[in-house]
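Asks: Any chance you could fold what I've pasted below:
(2 chains)
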Amino acid sequence: MEGAQKAASDEVIHGKDGGNGKFLNPTPMLDELEKGPWPSFISGFKELAERTEKPMLRGVMDQLEYSYNTKMGYWKGGLVTVDGYGAGVITRYSMIKDKFPEATEFHTMRIQPAPGLHYNTEMLRGLCDTWEKYGSGIITLHGQTGDIMLQGIEQDKVQECFDELNQAGWDLGGAGAGMRTAVSCIGPGRCENACYDDLKAHLKLLKHFVGPLHRPEWNYKIKLKFSGCPNDCTNAIMRSDLAVIGTWKDAIQIEPEEVTAWVEKNGTDALVNQVINLCPTKAISLKDGEMVIDSRDCVRCMHCLNVMPKALSPGNERGISLLMGGKNTLKVGVNMGSLIVPFMKMESDEDMDEFIELVEGIIDWWDDNGLDHERIGETIERVGLKLFLEGVGLEANINMVTRPRDNPYFKAKY
Amino acid sequence: MSSPEKKWKTVESGPHSYEEALHPVVRKNYGKWKYHEIPKPGVLKHVALSGDAIYTVRAGTPRQDTVDMLRRLCDVADKYSDGYLRFTVRNNVEFLTPNEANVEPMIRELEAMGFPVGGTGMCVSSVSHTQGWLHCDIPATDASGVVKSMMDTLYNEFRGMEMPNKVRLSTSCCAINCGGQADIAVVVKHTRPPRINHDHLATICELPKAVARCPVAAIRPTVINGKKSLMVDEEKCICCGACFGACPAMEINHPEHSKFAIWVGGKNSNARSKPSTMSIVAHNLPNNPPRWPEVTDVIGKILTAYKEGGRPWERVGEWINRIGWKRFFEETGLTFDDDMIDSYRHARTTFNQSAHVRF
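Replies: Numbering: from 1, shown residues only, chains lettered A, B, ... in the order given. Model prediction:
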């Protein structure tokens, strides 16, 4: 331990125990985040640092405390990776390593979790053991794109750490201008509304695109997210370039006895105020006291199924809708994904292969037509949905728009 | 790093396999679930067509976890849920067990360990958020600290189910907003143009990339003291910070001038209304570590008004659509100002093109 850390004297009251002889230097600002009932990440870091006495943890805590005082960040990027890969390690060097030499390197390894974020304790304990052996022991579950983030490793330990993780079935996640790690909801693992096997689709798609995930060479990133139903628990429509949303074509299945039981328990007021009146397309009515849904008016929003889970279920003809173009603010503002494929089967391996083929065609078109640092939704907005559809060979469908154009200025092929 | 003694040949396996991570009861009833109930906050009961039931106990985590913490969660899973656990996209941990008798002891043990059990149904769930000063290279704040401060004040709302509908929160350390659209979001708002380091710019940045990154074409090439550099038209600049991501010599973060804004009405689900983006309802709040009281205060005001006035199943944005923005500002005590009128592309779609007026 050198430099600024020396300044910490043993007399300084440290941490909530107020004891001497601690490994960590005082962090009075961070200690404020140990107060209150919500679990404290600072308490976690301190426990880890005091037990393992890893100098990197002390350096990072010192730098974080410094950030809390100066209100500025001090990490800069770089290039660290593993053999054969061009992405997956997020490089972080301290900009103030002279002040905090123990924080010089604090790289993150992005790791792809299992679809649905399912673990058994053997997997998770193994991950923890390897990570403690080579890295800091800090883990984020999970990053916003869906990765396990192993935070804090030095460059010369990255390859060995990766080799050990890879032997246990883990692979690096995406970064840069390529395929990114995906997210799927719990799907058929627990949910009665799962309209397709999104865990299987996630695994199959991401295995297929593993090359461009590890060796990014597109215009920019592509994110895939898989939600089992239109409740979209993975926030796919807003957060992903390709949002695969489970849906169904036929009528909602109704169990009349369960509807009656629900009304008996919750009352007619609730049926009217919380179910019928909240249907966005007024597809539900009462006929002779019985609840009837007109499927031609239903838009598969999920509301009534959410309110009456025992009485209502998705129809039997199930598949997916594909929405495209979701992304957040950088740089031309928030884009919600918009509907591109209203319905596709997603049951058999052939269905999934067909879907993969479609996605490949879409990415190829974007790779040819997109600009540098342009997400696919931005490309579509720039060139027009019509040109995109021509480019990938899809027919225009009225479900792709909320209404036909209101602007009369256009060039048509008459 | 090539290591000469490397023996293992990489398997580009992609996501970890999931079958072995599914509880046997889940595997047996995979895709054959009938319905679910929420017996109490933090507990779900899912019933399969076979009649099998599986109970889920859900608890909040700090998201910035450690191997020590995860091993403790593994201990809970080994003891009560046959060694299986999973996480939600809002950083909650879930333990799935077919054994109803394990539910109450598991809740007691998790709470005794400091993990609040909740996050189900009509509650305020945990926050999707970003990395901040701990790890990001362009952060103006530390989302983890903001989130911890916020969730301390919302602890009981996480553990209860007393909101009109679920409330999703997010927090982001820069205007890119990686935290995402949410019912209520806390997002950094820069208020000054980038400060340019002309000595280093040309050596660490690709000039055309930085120029192209600007959404309002405010960046131009220039020469300063004989060195190639960039200049910013400060009249045009909208202080978004997009250039900083491409060029670290264009520092957008500032200890005083990087502020917070609060946004409301984002929704990702398709239930009832279509997915929606957020609107700004407060800004110019200070970046005030370590507890950000000004931010948690505004969140509290919005949630108090929503809890009081929202009807069953109305999300925050749907509640506002019904009562109107005028009443929203009245009931939350927040102040609408002219900076909240959109001035970007498609701004006109946010103007009131009708004679519908609220008095």
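Asks: Quick check: which element contains the residue of the stretch 151-300 of chain B found nearest chain A?
Replies: Using Cβ to the nearest Cβ, the single residue of the stretch 151-300 of chain B nearest to chain A is residue B:152, 3.1 Å away. Every C-beta, even on glycine, is put in place using the N, C-alpha and C of the backbone. Assigned by DSSP states H and E, residue B:152 falls within helix B:143-153.
Asks: Show me the helices in the stretch 151-300 of chain B, by range?
Replies: For the stretch 151-300 of chain B, helices defined by DSSP state H, counting those that start in this stretch occupy the ranges B:155-159, B:201-204, B:207-213, B:242-246, B:293-309.
Asks: Just name the most buried of the ones you listed.
Replies: helix B:242-246 (a mean of 24; mean count of other Cβ atoms under 10 Å in any protein chain shown).
Asks: where does residue A:377 land in three-state SS?
Replies: Assigned with DSSP: H, G, I helix; E, B strand; the rest coil, residue A:377 falls in the helix class.
Asks: How much space separates the closest residue to it other than its chain neighbours from chain B?
Replies: Nearest in space to residue A:377, with sequence neighbours left out and distances taken as Cβ to Cβ, 6 or more residues apart in numbering or on different chains, is residue A:325 at 2.4 Å. The gap separating residue A:325 from chain B is 12 Å, by Cβ to the nearest Cβ, to the nearest Å.
Asks: tell me the contacts of residue A:325?
Replies: A:241, A:335-338, A:375-378, A:380-381 (Cβ atoms under 8 Å, 6 or more residues apart in numbering or on different chains).
Asks: Where do the domain boundaries of chain B fall?
Replies: B:19-112, B:124-191+B:255-346, B:195-238 (automatic domain parsing).
Asks: Tell me which other helices or strands the helix or strand containing residue A:157 touches.
Replies: According to DSSP H and E, residue A:157 maps onto helix A:155-167. Contact here means 3 or more Cβ pairs under 8 Å, 6 or more residues apart in numbering or on different chains; DSSP states H and E; on that basis helix A:155-167 packs against strand A:107-111, helix A:121-134.
Asks: Let me know which of the ones you listed is tucked in deepest.
Replies: strand A:107-111 (a mean of 25).
Asks: Touching that one from outside, list them.
Replies: Contacts of strand A:107-111 (Cβ under 8 Å, 6+ apart): A:80, A:88-92, A:127, A:135, A:143, A:147-155, A:158, A:161-162, A:165, A:170-175, A:181, B:135.
Asks: Now do that strand, average pLDDT.
Replies: Computed over strand A:107-111, the mean pLDDT rounds to 98.
Asks: Then stretch A:222-242?
Replies: According to the model, stretch A:222-242 has a mean pLDDT of 97.
Asks: circling back to that earlier point, show me which of the contacts of residue A:325 is closest to chain B.
Replies: Of the contacts of residue A:325, the one sitting nearest to chain B (Cβ to the nearest Cβ) turns out to be residue A:336, at 5.6 Å.
Asks: what helices or strands is the longest helix along chain A leaning on?
Replies: The longest helix of chain A (DSSP state H) is helix A:349-369. If contacts are counted by 3+ Cβ pairs under 8 Å, 6+ apart, helix A:349-369 sits against helix A:198-208, strand A:242-248, strand A:318-324, strand A:338-344, helix A:376-383, helix A:385-392.
Asks: In TSV: these, plus mean neighbour count.
Replies: Output for these, formatted as TSV (neighbours: other Cβ atoms under 10 Å in any protein chain shown):
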stretch	mean neighbour count
helix A:198-208	24
strand A:242-248	27
strand A:318-324	23
strand A:338-344	18
helix A:376-383	21
helix A:385-392	16
